[in-house]
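Trainee: Give me a 3D structure for the following:
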Amino acid sequence: MGNIQHVTDADFDEKVLKSDKPVLVDFWAEWCTPCRMIAPVLEEIASNQDKLDIVKLNTDENPELAAKYGITSIPALKVFDRGEVVKEIIGAKPKAALLNELGDYVN
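Mentor: Below is the predicted model:
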């Protein structure tokens, strides 16, 4: 079962775009209260399944990627599959709602 890793501009391509399985990227920032609220939920999801890797990208420290993927509100969760964004979830949601939206990626 997975642990959440942190990614940066330097390793985003390798860990996300070139991954052989889907990756959920949590675009977040330290000052963001909803981001801190959703973090334990993502940790729990990561530890209870292995079909989806979950990584965090700090938008303050990696503004180029945040701009490239049109991040205007955080937390923003994007699922990448084979280098393409296939799912987007904006805002903090309860675990049940996240699991429902992630569907086959976590079931």
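
Trainee: Would you map the strands across this structure?
Mentor: Per DSSP state E, the chain carries strands over the ranges 5-7, 23-28, 53-58, 76-81, 84-90.

Trainee: for these, which one ends up most surrounded?
Mentor: Greatest average neighbour count among the strands of the chain goes to strand 23-28 (a mean of 23), per mean count of other C-beta atoms under 10 Å. For every residue, glycine as well, the C-beta is placed using N, CA and C.

Trainee: got the contact list for residue 54?
Mentor: 2, 4, 23-24, 26, 42, 45-46 (C-beta atoms under 8 Å, 6 or more residues apart in numbering).

Trainee: out of those residues, which one sits closest to residue 91?
Mentor: residue 26 (12.0 Å; C-beta to C-beta).

Trainee: Output the longest helix along the chain as CSV - backbone C-alpha positions only.
Mentor: Secondary structure of the chain per DSSP state H: the longest helix is helix 33-47. Extracted in CSV, the C-alpha atoms of helix 33-47 (Å, rounded to 0.1, in the frame of the first residue of the first chain):
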residue,chain,number,x,y,z
THR,A,33,-6.5,25.3,5.5
PRO,A,34,-8.7,23.0,3.3
CYS,A,35,-5.5,21.5,1.9
ARG,A,36,-4.4,20.6,5.5
MET,A,37,-7.9,19.2,6.2
ILE,A,38,-7.8,16.9,3.1
ALA,A,39,-4.3,15.6,3.8
PRO,A,40,-5.2,12.9,6.3
VAL,A,41,-8.0,11.7,4.1
LEU,A,42,-5.6,11.3,1.2
GLU,A,43,-3.1,9.5,3.5
GLU,A,44,-5.8,7.1,4.5
ILE,A,45,-6.8,6.5,0.8
ALA,A,46,-3.2,6.0,-0.1
SER,A,47,-2.7,3.4,2.6
